[in-house]
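need a 3D model of the following:
(one chain, ligands or ions: 4)
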Amino acid sequence: MILRDLIAHLDRPLHAGNLDTEIQAVTSDSRLVGPGVAFVAVRGESQDGRDFIPAALSRGAAVIISDTAADEGHPDETPFIQVSDTRHALAAFARLLAGEPSKKLRLAGVTGTNGKTTTAFLLHHLMKRVWHRAGMIGTVVVDDGEQAKPANFTTPGPVELNALLASMVEHGCRGAAMEVSSHGIDQKRIDGVAFDAAVFTNLTQDHLDYHGTLDAYAATKFSWFESLAIDPLGKKPVAVVNFDDGYGEKLVDLLGDRLPLIKYGFNVHCDFRANNFKQSARGMEFELTAKGKSYLVRAPLIGRFNVYNILSALAAASAMKIKVRDAVAAIAEAPQVPGRMEFCGTKDGVTVFVDYAHTPDAVTNACRTLKELNPNRLITVFGCGGDRDKKKRPLMGKAASEISDACIITSDNPRSEEPEAILKEIESGMTGTRYRSVVDRAEAIRIAIHAAGQGDIVLIAGKGHETYQQFSDRTIDFDDRREARRALAERPEPPQRKR
Ligand SMILES: CC(=O)N[C@H]1[C@@H](OP(=O)(O)OP(=O)(O)OC[C@H]2O[C@@H](n3ccc(=O)[nH]c3=O)[C@H](O)[C@@H]2O)O[C@H](CO)[C@@H](O)[C@@H]1O[C@H](C)C(=O)N[C@@H](C)C(=O)N[C@H](CCC(=O)O)C(=O)O
Ligand SMILES: Nc1ncnc2c1ncn2[C@@H]1O[C@H](COP(=O)(O)OP(=O)(O)OP(=O)(O)O)[C@@H](O)[C@H]1O
Ligand SMILES: N[C@H](CCC[C@H](N)C(=O)O)C(=O)O
Ligand SMILES: [Mg+2]
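Numbers count the residues shown, from 1 in each chain. Ligands and ions are numbered 1, 2, ... in the order given. Model prediction:
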């Protein structure tokens, strides 16, 4: 595209140099710059992109975009654009260069503290059933309709995001489901992306390291819905909101009638309402009331919290013109979401589940769900990630210890922090339940599974689908599910009863 046509979409940019320059791609990473590539100098949390302008120029950048004026020595032959918001400019260039792909398919976005991955997986499954080809972007996997790959982010940056959406369109996807993280909203990774459905799952404590307060975190989430109300980008987006959640209620109030709305939950005011929930170790069923009709929903998932994920997927599907009947039929064959209440085996009456619960609310939900299966004892193995919200550590400890019969506190991804120090912070929230601290996660899993007896359930929480463990100096291969299976297989023979 010609630079002139690209900057026409920016708010009053100042420019110097040849606006007929051909731009083929855009990046905010100087290391990816080459001829034909626009470099946007973004000021980040740890680095200032403006420091990399010389590097971008030496790699042949086609244009430099910054929020301050050009240095004195800026070469005349390279155009320079000054904008007020570089992240907005990056997203606009990425979207335009990719051919505005979000306008060419039906797109559902899912935000909220917990349940984004699960809901997006369910929606992706529904869409594939009905439309045959559909894409997905989220924490676990990105799928462009042709190939599925492990993901790096929950919501990728605008360049990768728009490239993925364009690839979905190219592969004939009629729709896609994507997770929208609060980082993604705040950093404008989704700026200018047109959505058909925007789901709000819930809001509880997480990411306070980044947002400061729960209200600031909520305001970030809400700003996405507000932006869709102000500029729906040529679509008619439907807000799909959990109306049993306090912040969901606030969002409904805030939106008024500015967006079409579907409220979901158990309460009587919901448009997609669940009733008569029942579950066993193998799955659940409940009655759905929607659009004046009743449906029996059966799903191979457990946990009352998953009723919400199913309701939101059904409601978002309906917002995208998928028939409720077809969606309900597809849910009965929903796939296992990797690392979400994943059954890892049973031996000698000991059953093991791996779950990605890494917030106080998620730990509460995961533990409660397994307690509802009436185990002899629930033994929970968990830790907290380093370089993330420290305030959630004692709260996760409290939640796990209040519901479980015994706990083993261990390392999650310590990142740059001392593992022992994280364990101590978790310990400060532990209540009466018996617990011990075992820094090495593999050992903690082994101890829990070997100590468990007939009828016990072991929950390994926090890392779910992750296949690595990050330390300050190294990242190792690590998979809770593999460790669980190994520990089950190596369980010592139970003592023989004397006759
Ligand atoms: C806090 C956070 O989200 N940080 C992300 C953000 O970093 P940043 O804006 O602070 O950038 P920075 O590292 O300070 O660098 C500033 C600029 O200099 C550029 N640079 C840097 C070095 C260089 O040689 N040349 C160069 O041009 C960088 O490309 C960047 O544009 O932008 C970077 C580039 O896109 C991301 O890699 C980085 O993710 C970090 C690694 C991260 O851990 N993010 C996590 C917390 C995250 O995003 N998580 C969410 C939510 C998870 C969930 O709850 O599901 C997610 O969506 O995944
Ligand atoms: N609707 C829900 N409400 C509360 N807790 C939930 C819900 N859905 C899932 N959980 C719990 O939260 C954990 C994470 O679920 P999921 O991966 O679907 O959420 P997420 O929002 O994508 O998380 P992340 O932001 O880390 O990617 C699950 O393993 C489960 O313990
Ligand atoms: N997307 C979340 C995942 C946390 C998972 C947990 N295993 C950890 O490493 O803290 C985050 O980046 O905060
Ligand atoms: Mg996720």
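
if I pick the residue lying closest to residue 175 once chain neighbours are set aside, what's in contact with it?
Nearest residue to residue 175, sequence neighbours excluded (CB to CB, 6 or more residues apart in numbering): residue 106, at 3.8 Å. For every residue, glycine as well, the C-beta is placed using N, CA and C. Residue 106 makes contact with 127, 174, 175, 176, 196, 320, 321 under the criterion CB atoms under 8 Å, 6 or more residues apart in numbering.

phi, psi of residue 106?
Its backbone dihedrals place residue 106 at phi -90, psi 130, with angles given as degrees, to the nearest 10.

that one and ligand 3, how far apart?
Residue 106 sits 26 Å away from ligand 3, going by CB to the nearest ligand atom, to the nearest Å.

among the contacts of residue 106, name the ones in helices.
Mapping the contacts of residue 106 onto helices (DSSP state H) picks out residue 127.

filter the contacts of residue 106 to the buried ones?
Buried subset of the contacts of residue 106 (neighbour count, 16 or more other CB atoms under 10 Å): 127, 174, 175, 176, 196, 320.

what is the nearest of those residues to ligand 1?
Relative to ligand 1, the closest of the buried ones among the contacts of residue 106 is residue 176; by CB to the nearest ligand atom it sits at 16.3 Å.

hey, what's the closest one bridged with?
Beta bridges link residue 176 to residue 107, residue 135, judged by DSSP bridges.

count of residues packed around residue 247?
As a burial measure, residue 247 scores 22 neighbours (other CB atoms under 10 Å).

contacting residues around the helix or strand bottoming out on mean pLDDT in the chain?
Lowest on mean pLDDT, DSSP states H and E among the helices and strands of the chain sits helix 208-211, with a mean of 86. For helix 208-211, contacts defined as CB under 8 Å, 6+ apart pick out 182, 183, 186, 214, 217, 220, 387, 388, 389, 390, 391, 392.

okay, now the fourth one: neighbour count?
This means residue 214. By other CB under 10 Å, 17 other residues sit near residue 214.

before we move on, back to that, now the contacts of helix 208-211: which count as buried?
By neighbour count, with 16+ other CB under 10 Å, those hold 182, 186, 214, 217, 220, 388, 389, 392 as buried.

contact partners for whichever residue of the chain sits closest to ligand 3?
Going by CB to the nearest ligand atom, ligand 3 is nearest to residue 385 of the chain, at 1.9 Å. When contacts are counted by CB under 8 Å, 6+ apart, residue 385 touches 358, 412, 413, 414, 415, 462.

now residue 386
By CB under 8 Å, 6+ apart, the residues touching residue 386 are 412, 413, 414, 415, 416, 417, 419, 422, 470.

again, but for residue 311
Residues in contact with residue 311 (CB under 8 Å, 6+ apart) are 264, 265, 272, 273, 274, 288.

is the helix or strand that contains it in proximity to ligand 2?
For residue 311, the host element (DSSP states H and E) is helix 304-319. Yes - Helix 304-319 comes into contact with ligand 2 (CB under 6 Å from any ligand atom), by way of 305, 308, 309.

and the furthest pair within the contacts of residue 311?
Greatest spatial distance among the contacts of residue 311 (CB to CB): 265 and 288, at 11.6 Å.

isn't residue 198 right next to residue 228, touching?
Yes - using CB atoms under 8 Å, residue 198 is in contact with residue 228, at 5.8 Å.

tell me, what's touching the two both at once?
Contact criterion CB under 8 Å, 6+ apart; residues shared by residue 198 and residue 228: 237, 239, 259.

returning to what we had before: list the residues that contact both of residue 265 and residue 288?
273, 274, 311.

go ahead and confirm residue 177 touches residue 117.
No - shown here, residue 177 and residue 117 do not form a contact pair, counting by CB under 8 Å, at 10.2 Å.

higher neighbour count, these two?
Remark: of residue 177 and residue 117, residue 177 carries more neighbours, 32 against 25, as counted by other CB under 10 Å.

show me the shaky parts of the chain.
495-499 (pLDDT under 70).

around ligand 1, pick out the residues from it.
Residues of the chain lying near ligand 1 (CB under 6 Å from any ligand atom): 28-31, 42, 44-47, 49, 52, 139, 153-155, 157, 181, 183-184.

residue in the stretch 301-450 of the chain nearest to ligand 1?
Going by CB to the nearest ligand atom, ligand 1 is nearest to residue 388 of the stretch 301-450 of the chain, at 7.6 Å.

please disregard the earlier target; I meant the chain.
Residue of the chain nearest ligand 1, by CB to the nearest ligand atom: residue 44 (2.2 Å).

that residue: neighbour count?
10.

ok, residue 287 next?
Residues within reach of residue 287, counting by other CB under 10 Å, total 14.

follow-up on the earlier one: among the contacts of helix 208-211, which lie within helices?
Short answer: the contacts of helix 208-211 in helices (DSSP H) are 182, 183, 186, 214, 217, 220, 392.

distance to residue 437 for those - can I get that in TSV?
Formatted as TSV, the ones in helices among the contacts of helix 208-211 follow (distance: CB to CB, whole Å):
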residue	distance to residue 437
182	31
183	30
186	34
214	28
217	29
220	34
392	18
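
got the contact list for residue 162?
Residues in contact with residue 162, defined by CB under 8 Å, 6+ apart, are 94, 95, 97, 98, 101, 102, 193.

quick revisit: quick one: which of residue 265 and residue 288 has more around it?
More neighbours surround residue 288 than the other of residue 265 and residue 288, with 25 against 22 (other CB under 10 Å).

contacts for stretch 140-153, please.
Outside of stretch 140-153, the residues within contact range by CB under 8 Å, 6+ apart are 117, 121, 124, 133-139, 156, 164, 167-168, 171-173, 181, 184, 337-339, 465, 467.

among those residues, name the buried ones.
By 16+ other CB under 10 Å, the contacts of stretch 140-153 give 117, 121, 124, 133-139, 156, 164, 167-168, 173, 181, 184, 337-339, 465 as buried.

mind listing which of the contacts of stretch 140-153 are in helices?
117, 121, 124, 164, 167, 168, 184.

check the secondary structure at residue 379 for me.
Three-state call for residue 379 (DSSP: H, G, I helix; E, B strand; the rest coil): strand.

just to check, it is in contact with residue 400?
No - if you go by CB under 8 Å, residue 379 and residue 400 don't touch, sitting 10.3 Å apart.

what do the two both touch?
Here residue 379 and residue 400 have residue 407 as joint contacts, going by CB under 8 Å, 6+ apart.

so if I had to pick from those two, which one is more boxed in?
residue 400 (31 against 26).

for residue 96, which non-adjacent residue is closest in space?
In space, residue 96 is closest to residue 6, 5.7 Å off (CB to CB, 6+ apart).

kindly report the same for residue 92.
In space, and not counting its chain neighbours, residue 92 is closest to residue 9: 5.0 Å by CB to CB, 6+ apart.

need the residues of this structure near ligand 2, please.
114-118, 139, 154, 179, 201-202, 305, 308-309, 340, 355-357, 361-362, 365-366, 464.

filter the residues you listed down to the ones near ligand 3?
The overlap between the residues of the chain next to ligand 2 and the neighbours of ligand 3 (CB under 6 Å from any ligand atom) comes to residue 154.

inside strands: which ones of the residues of the chain next to ligand 2?
179, 355 (DSSP state E).

give me the subset of the residues of the chain next to ligand 2 touching ligand 4.
Contacts with ligand 4 within these, as defined by CB under 5 Å from the ion: 116, 117, 139, 154.

thank you, goodbye.
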